[in-house]
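Novice: Got a sequence here, can you model it:
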Amino acid sequence: MLAQALRPTAAPEAELTLAQDAVRLAAGSPEKAVADRLADGSGRGRDELELAVRAWQYGGVAGLSVLEEEWTVQGETLARARAALEAAWDDDERPTLRARGNRWTVVGAPSQLRLGRDGRWWPYRKEHGRWAPAGSGAQDPATALAATEQPAAEEA
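Specialist: Residues are numbered from 1 along each chain as shown. As a prediction, the model looks like this:
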């Protein structure tokens, strides 16, 4: 009992919404009929659920929120984001990025960085005309962007 009492405890996680829980369940690779019900129950189409599952697999609730939320980066957060982008590459290696909200798209490439509210950079790649999660979040934008250069799991 003493060992159990002294064991570190994780901070309690916030309760999942119904839509988040449906994605969590769908990440368990259920049968097609169950996946279809989860898509309906989460308010997503089948393709949207597949993207949400991929985001969940890369980062749980944080990964899913980066997929679903576009927010305006302001003030100190924007200054930190710009400084991170500036420091991530040498001047002659830095990609040209176009910013919109928390999303920085590489000009002329199918790559995008998304800044999560947790301060991590999440890589996205354009696949079949839509932005898809391409890896886990990273503190360094260059590290995150490098994940977009790897072939997608289903394309490998």
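
Novice: where does this protein dip in pLDDT?
Specialist: Low-confidence segments of the chain, defined by pLDDT under 70: 1-13, 150-156.

Novice: Would you map the helices across it?
Specialist: Along the chain, counting by DSSP state H, helices occupy 2-6, 18-26, 32-42, 46-68, 75-88, 141-147.

Novice: now these as CSV including mean neighbour count and distance to residue 134?
Specialist: The way it works is simple: take the backbone N, C-alpha and C, and place the C-beta from them, glycine included. Below are the helices of the chain laid out as CSV (neighbours: other CB atoms under 10 Å; distance: least, CB to CB, whole Å):
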stretch, mean neighbour count, distance to residue 134
helix 2-6, 6, 40
helix 18-26, 19, 18
helix 32-42, 15, 22
helix 46-68, 20, 8
helix 75-88, 13, 17
helix 141-147, 20, 5
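
Novice: Pop the domain breakdown of this structure in here.
Specialist: Domain ranges of the chain: 2-68, 75-147, per automatic domain parsing.

Novice: Longest strand in the chain, please.
Specialist: Longest strand of the chain, by residue count under DSSP state E: strand 121-127.

Novice: And the contacts of it?
Specialist: With contacts defined as CB atoms under 8 Å, 6 or more residues apart in numbering, strand 121-127 is touched by 58-59, 63, 66, 84, 103, 110-116, 131-141, 143-148, 152, 155.

Novice: Work out which residue lies at the spatial centre of the chain.
Specialist: With distances taken as CA atoms, centre = their mean, residue 63 lies nearest the centre of the chain, 3.6 Å away.

Novice: so who does it touch?
Specialist: Contacts of residue 63 (CB under 8 Å, 6+ apart): 55, 56, 57, 122, 133, 136, 137.

Novice: Okay then, goodbye and thanks.
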